[in-house]
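1. how would this look folded up:
(chains A and B)
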Amino acid sequence: MNKKTNVINALKYGDVFTKLSAIIMGAGIIAHKQKVKGIFVLILEIAFIFFMFDTGIPALAMMPSLGDREQEKVWNEAKQIFEYTAGDNSQKILLAGVVTCFVIAAFILLWVLQLRFSYELEKQLKEKGHVPTLKEDIKSLFDKNLHITLMSLPCLGILVFNIVPLVYMISMAFTTYSKEDEHLMLFDWCGFTQFSRVLNMNGNIGRQFWHVLAWTVVWAIFATFLNYILGMILAMVINRKDTKWKAFWRFCFILSIAVPQFVTLMIMNIMLQPSGAINILLQNLGLISSPLPFWQNALWARITIIVINIWIGIPYTMLQITGILQNIPADLYEAAKMDGAGPVTIFFKITLPYMLFVTTPYLISSFVGNINNFGVIYLLSGGGPTYVGDTAGQTDLLVTWLYKLTIDQQYYNLGAVIGIMTFVILTVVTLITYRNSGSYKNEEAFM
Amino acid sequence: MNNEIKKNKLSPRRRLVNFLVHLLLAVLSIIWVLPIFWIVLTSFRAEPGAYTSTFLPQGYTFNNYIKLFTDRNVLNFPKMFVNTLIIAIFCCIISTFFVLSVAYSLSRMRFGFRKTYMNIAMILGLFPGFMAMVAQYFILKAMGLTEGSMIRIGLIIVYSACTGLGFQIAKGFFDTIPRSIDEAAIIDGATQWQVFTKITMPLSKPIVIYTVMTSFIAPWVDFVFAKVICRANADQFTVAIGLWNMLQKEYIYQWYTCFAAGAVVISIPIAILFIYMQRFYVEGMAGAVKG
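-> Residues are numbered from 1 along each chain as shown, chains lettered A, B, ... in the order given. Predicted coordinates for the structure are as follows:
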């Protein structure tokens, strides 16, 4: 009797009602004395069938072609005007198709669950002679099944507004959906054409892609490690035993986090314009004769962005590291001092390894954050300077380029391809660093 | 006593080092505070325009603030302020519930889906946020949430729907509360729900406050999603789009000083909140790393 509760066993060894639920869902649950739940499952099945006939099947049928009726102008004799007949809208068809796929997946899940559940109830009836009543079930939702109550809404939100959009966007990468050749209303599947276009170094798009990718990686490395090291040094300088007014110094740096980032970034952008405050100040002081090209020259723009990012990032690192520094076991230091280690040795042999050990997850997440750092680039340089004929500027990251391609230029398919490439790169980097990190290899090295 | 004697007898080399350290900190502090000081100065500047020939203002006035809150014809800042406030309040309620629920479930309950959920959350975090944005817009459009006053609902959904993915800091905090407290309560007959609301929540005030504040602040400082979803519906703009617009070519000369005033106005509450909560931020981070 102690067979595992799974679908195969349910279909093999279950009673008539359990087997019947393979077709009439919920039948087994009703027969096994949980009427309300069973009826609910049955209603869901009926709703699913209605949905499939109403929108699901037509949507799936359109998926291969993504629609081909063009919008047409028809002369209406009676009214003496041109009337437009509604053509197919491929984007809507694709969305309906993707949503239908998700609904079908959910239905299959429901089918499996109800079958298993019916079999489980059957076993309980045989062994104990009774099953939980509805009241008891509701009670358990606030006790040992609390996680179901708490997590269903957040999961639904993530599914509908994160996973579905992502799948939808990924599917766009395999289509001709872009303003090129007027494929904004009607578009078709085109397989991996867009991927090879993006990866092909000789094409216009491909050349830009590799440029942007190289700069994205350089930027992420500089932004992550400069902020980390400089922030750590700052935190240690403030934490020194002989440093006075510690709280005051921290306050000065924290003030810059407290002002919303987009405000400081926009202000910086204005301050560094040719006739902005910094150039004016330098000219008034007589240090320069003509304005410095902070945003006009590619190299200047890149350096400026990295420097400003240090200005933004150091206070964050300082805040986080201050907490961790105070956690380093003091006996490690005392032992080192007794053995005659100087401050430099202590830093490289104790502080840095400890910090690296504890903060590897933080470093990875800040590297990911920097690769996806939209705000800093978009608000500071806007990706510029941009050469004529390019869609990507010299300081564009993959994300800002993605934004420009989709929102501004309506190359949805290229944007989707770049999004996927970003994801692939991040996954590889994350897995490699994480697997090689001390905190993964040896979880208790420092404890 | 011993310590004091030691302090008074600092070697000259050490004194020099201390002096240099403090000098360095002073210079750095000036660099960090100067831009903020400059925004405040600009918000009181009497002459208009983004670019002036002098670094310091020639005259000071309070009119920028008055104009910001009374001029409703060109850029309706008061309306934007109300819009953002409404969105922020709803967003705050929904996100706080989502974040704390997910964090508590993952920290305290054991269920089959737990590891899967955390892995999915990690993978989703690797996709660029803007990748989903366009698709989100299309989905909201299909639901009819991109026209007129429905935009507000659309924005609330966009800001709060996926917050269940940002559970790490709160979970790290819950992980540090000893489980024995829960177990004692359960032995005394408390349900998990009672443990969550009557024991864990009161013990987690810092992280609750932190979550409430971060989710309240989000709509005030995001302009990208707001811009994509509002498009040209000027009466639905949030504060961030308004400020962004003030720096566009057609408005910048007239509105630059008002922009600075607006920036100061929304920065003050955020700054106060942040300085108040930085303690929790540090604790949360330390907790998250430990867990």
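2. What is the burial count for A:G342?
-> The tally of other residues near A:G342 (other C-beta atoms under 10 Å in any protein chain shown) stands at 9. (Each C-beta comes from the backbone N, C-alpha and C, glycine too.)
3. what separates it from A:I350, distance-wise?
-> Distance, A:G342 to A:I350, by C-beta to C-beta, to the nearest Å: 12 Å.
4. Kindly report the same for A:F367.
-> Taking C-beta to C-beta, one finds A:F367 at 24 Å from A:I350.
5. Which of these two has more residues huddled nearby?
-> A:F367 (21 against 17).
6. ok but the more buried one is inside a helix, no?
-> Yes. Judged by DSSP: H, G, I helix; E, B strand; the rest coil, A:F367 forms part of a helix.
7. which residues touch the closest residue to it other than its chain neighbours?
-> What sits nearest to A:F367 in space, not counting adjacent residues and going by C-beta to C-beta, 6 or more residues apart in numbering or on different chains, is A:T224, at 4.7 Å. By C-beta atoms under 8 Å, 6 or more residues apart in numbering or on different chains, the contact set of A:T224 is A:363, A:366-367, A:370.
8. got the residues of the stretch 101-250 of chain A near chain B?
-> A:139, A:142-144, A:146-147, A:149-151, A:153-155, A:157-158, A:160-166, A:168-169, A:172, A:234, A:237-238, A:240, A:242-244, A:249 (C-beta under 8 Å from any C-beta of the partner chain).
9. Narrow those residues to those in helices?
-> If you go by DSSP state H, these have A:139, A:146-147, A:149-151, A:153-155, A:157-158, A:164-166, A:168-169, A:172, A:234, A:237-238, A:249 in helices.
10. Now restrict the residues you listed to buried residues only.
-> Among those, those buried by neighbour count (16 or more other C-beta atoms under 10 Å in any protein chain shown) are A:146-147, A:149-151, A:153-155, A:157-158, A:164-166, A:168-169, A:172, A:234, A:237-238, A:249.
11. per-residue pLDDT, the nearest residue to B:S267 once chain neighbours are set aside?
-> Once flanking residues are discounted, B:S267 sits nearest to A:V259: 4.6 Å by C-beta to C-beta, 6+ apart. What the model reports as pLDDT for A:V259 is 81.
12. neighbours of A:V259, just the number please.
-> A:V259: 22 neighbours (other C-beta under 10 Å).
13. Tell me where the model's unsure across the chain.
-> Here I'm looking at chain A. For chain A, the stretches with pLDDT under 70 are A:1-2, A:437-447.
14. right idea, wrong chain: chain B
-> Applying pLDDT under 70 to chain B flags residues B:1-10, B:55, B:278-291.
15. Pick out the residue of it closest to chain A.
-> Across chain B, no residue is closer to chain A than B:G164, which sits at 3.0 Å (C-beta to the nearest C-beta).
16. Using the record's domain definitions, break the chain down for me.
-> You didn't pick a chain, so chain A it is. Domain segmentation of chain A under automatic domain parsing yields A:7-74+A:82-193, A:196-441.
17. not quite, I wanted chain B
-> Domain ranges of chain B: B:2-65, B:66-290, per automatic domain parsing.
18. Of all the ones you listed, which one is nearest A:A214?
-> Between A:A214 and the domains of chain B, the tightest spacing by C-beta to C-beta is seen for domain B:66-290, at 17.6 Å.
19. Quick check: closest non-adjacent residue to the residue of chain A found nearest chain B.
-> Proximity of chain A to chain B (C-beta to the nearest C-beta) peaks at A:P154, 3.0 Å away. Spatial nearest neighbour of A:P154, excluding adjacent residues (C-beta to C-beta, 6+ apart): B:G164 at 3.0 Å.
20. quick one on the thing from earlier: what's the farthest-apart pair in the contacts of A:T224?
-> So, the contacts of A:T224 by C-beta to C-beta: farthest apart are A:L363 and A:N370, at 10.5 Å.
21. follow-up on the earlier one: could you count how many residues lie near the residue of chain B closest to chain A?
-> By other C-beta under 10 Å, 26 other residues sit near B:G164.
22. Please save the CA atoms from stretch B:176-191 in CSV.
-> Extracted C-alpha coordinates of stretch B:176-191, given in CSV (Å, rounded to 0.1, in the frame of the first residue of the first chain):
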residue,chain,number,x,y,z
THR,B,176,19.7,36.1,12.6
ILE,B,177,16.6,35.8,14.9
PRO,B,178,17.1,32.6,17.0
ARG,B,179,14.7,29.9,15.9
SER,B,180,14.3,28.8,19.5
ILE,B,181,12.0,31.7,20.1
ASP,B,182,9.6,30.5,17.4
GLU,B,183,9.9,26.9,18.7
ALA,B,184,9.0,28.0,22.2
ALA,B,185,5.9,29.9,20.9
ILE,B,186,4.8,26.9,18.8
ILE,B,187,5.1,24.6,21.8
ASP,B,188,2.8,27.0,23.7
GLY,B,189,0.3,26.6,20.9
ALA,B,190,0.9,29.5,18.6
THR,B,191,0.3,29.1,14.9
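23. does the helix or strand harbouring A:V307 come close to chain B?
-> For A:V307, the element it lies in under DSSP states H and E is helix A:298-325. Yes. Contact of helix A:298-325 with chain B (C-beta under 8 Å from any C-beta) involves A:311, A:315, A:319-320, A:322-324.
24. neighbour-wise, which of the residues you listed leads?
-> A:Q320 (24 neighbours).
25. how far away is that residue from B:I93?
-> 28 Å.
26. Repeat that for A:Q208.
-> 44 Å.
27. same check, this time on B:R231
-> B:R231 is 27 Å from B:I93, by C-beta to C-beta.
28. neighbour count winner among those two?
-> B:I93 (15 against 11).
29. For the more buried one, list the residues it contacts.
-> Here B:I93 is in contact with no residue (C-beta under 8 Å, 6+ apart).
30. is it true that A:M151 touches B:A103?
-> No. The criterion here is C-beta atoms under 8 Å, and A:M151 misses it with B:A103 at 10.4 Å.
31. Deepest-packed of the domains of chain B, please.
-> With neighbours taken as mean count of other C-beta atoms under 10 Å in any protein chain shown, those reach their highest mean count in domain B:66-290, at a mean of 19.
32. can you give me the offset of that domain from its chain's centre?
-> From the chain centre to the centre of domain B:66-290 is a distance of 7 Å (C-alpha atoms, centre = their mean, to the nearest Å).
33. tell me the SS of A:I328?
-> Using three-state DSSP, the secondary structure recorded for A:I328 is coil.
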